[in-house]
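A.B. asks: this one's structure only:
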Ligand SMILES: C[S@@+](CC[C@H](N)C(=O)[O-])C[C@H]1O[C@@H](n2cnc3c(N)ncnc32)[C@H](O)[C@@H]1O
């Protein structure tokens, strides 16, 4: 079913699955305005090496941080190819996102400028640029640059001038962000987030992804910008972190991932989220008690 107007919002589409397929092809199969939230962690186009594979012991010389040398074909495009690829997936993301929805996009200086320009060309408005400050960033081994210790996240919407995207302002001020030393309880949330890139053992129990995002940054985004029962879509689902975060916060998910191995890790993670849900509930109860 294809519709063209924002008012023709379809009520039911299948959800809670990860498709082992290309996200541009996959999103083309979905109707207009059918998802409430998109979290995109696209390839950063960093794989510029000859014949290396993912290797956590080696960092990319001169890049200033713990960027691993890789030779993943999905992460090795020319500038033009990357620009066209960004326009292609962003166009589909814009088409399927509800006017009340929003989209978060991860990046670094290697790709975020291209994504920013592509968003502006497509009339995708940037709501905020968030700096994810990683205080545990890996030191710069060459000693020829500053130590890269942040990633950039664009929070965007495409609902036009009405700006009807959902934002939980109360959560942004009064939620539990006690692990973020820059966030003051009861004050407005700022655009610099202090979160380590460390993952809990249960996040890595079923396998790892070289650019895996920690669940805690994803649950923050999901709670800021969606309601329980909403559908979150992630075009580049990797080891399934965005889908796991959606599940543990009571949202539905749709993921696309071209690599079967990562789909298998995701399936195992998603089948075993009960422990994480119970832990999160315990934290929330403890936090509410502390506040009273
Ligand atoms: C940066 S990683 C995402 C990691 C994920 N956020 C996590 O925490 O596990 C990007 C992923 O996108 C996948 N990918 C690259 N191009 C794709 C495409 N066109 N469609 C679907 N997946 C793609 C890659 O296989 C890779 O696993």
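C.D. replies: Thanks, I have it. Keep in mind that what you see is a predicted model, and the values were worked out from it rather than measured.
A.B. asks: Can stretch 130-143 be said to contact the ligand?
C.D. replies: No. Using CB under 6 Å from any ligand atom, stretch 130-143 stays clear of the ligand, coming no nearer than 12.7 Å. C-betas here are computed from N, CA, C, even on glycine.
A.B. asks: What residues does residue 208 make contact with?
C.D. replies: Residues near residue 208 by CB atoms under 8 Å, 6 or more residues apart in numbering: 239, 265.
A.B. asks: Wasn't it part of a helix?
C.D. replies: No. Counting by DSSP: H, G, I helix; E, B strand; the rest coil, residue 208 is not part of a helix but coil.
A.B. asks: ok, it to residue 88 distance?
C.D. replies: To residue 88, residue 208 is 28 Å away according to CB to CB, to the nearest Å.
A.B. asks: tell me which residues form a beta bridge with residue 234?
C.D. replies: Under DSSP bridges, the beta-bridge partners of residue 234 are residue 255.
A.B. asks: residues in contact with the nearest residue to residue 93 once chain neighbours are set aside?
C.D. replies: Closest residue to residue 93 apart from its sequence neighbours, by CB to CB, 6 or more residues apart in numbering: residue 38 at 5.3 Å. Neighbour list for residue 38: 93, 96, 97, 101, 102, 103, 104, 232, 233, 234, 235 [criterion: CB under 8 Å, 6+ apart].
A.B. asks: Can you name the residue of the chain nearest to the ligand?
C.D. replies: For the chain, the residue closest to the ligand is residue 238, as judged by CB to the nearest ligand atom, at 2.5 Å.
A.B. asks: returning to that earlier point: where's the residue nearest to residue 93 relative to residue 104, distance?
C.D. replies: Relative to residue 104, and taking CB to CB, residue 38 is found at 7 Å.
A.B. asks: What of residue 114?
C.D. replies: Distance from residue 114 to residue 104, counting by CB to CB: 17 Å.
A.B. asks: between those two, which one's more packed in?
C.D. replies: residue 104 (26 against 17; other CB atoms under 10 Å).
A.B. asks: A strand includes that one, no?
C.D. replies: Yes. Under three-state DSSP, residue 104 falls within a strand.
A.B. asks: Kindly state the beta-bridge partners for it.
C.D. replies: Going by DSSP bridges, residue 104 forms beta bridges with residue 39, residue 155.
A.B. asks: quick one: it and residue 220 touch, right?
C.D. replies: No. In this structure residue 104 lies outside contact range of residue 220 using CB atoms under 8 Å: 9.9 Å.
A.B. asks: how many neighbours does residue 84 have?
C.D. replies: 12.
A.B. asks: Over to the one 3 residues further on?
C.D. replies: A total of 17 residues lie near residue 87 under the criterion other CB under 10 Å.
A.B. asks: circling back: in terms of pLDDT, where does the residue of the chain closest to the ligand sit?
C.D. replies: pLDDT, residue 238: 97.
A.B. asks: any idea how far residue 85 is from the closest residue to residue 204 other than its chain neighbours?
C.D. replies: Distances taken as CB to CB, 6+ apart place residue 212 nearest to residue 204, at 7.8 Å, with adjacent residues excluded. Distance, residue 212 to residue 85, using CB to CB: 21 Å.
A.B. asks: Compute the number of surrounding residues for residue 113.
C.D. replies: 12.
A.B. asks: so which helix or strand takes in it?
C.D. replies: helix 112-121 (DSSP states H and E).
A.B. asks: Dihedrals phi and psi, residue 132?
C.D. replies: Dihedral angles of residue 132 (phi, psi; degrees, to the nearest 10) stand at phi -90, psi 100.
A.B. asks: Confirm for me that it is in contact with residue 191.
C.D. replies: No. Using CB under 8 Å, residue 132 is not in contact with residue 191; the gap is 10.0 Å.
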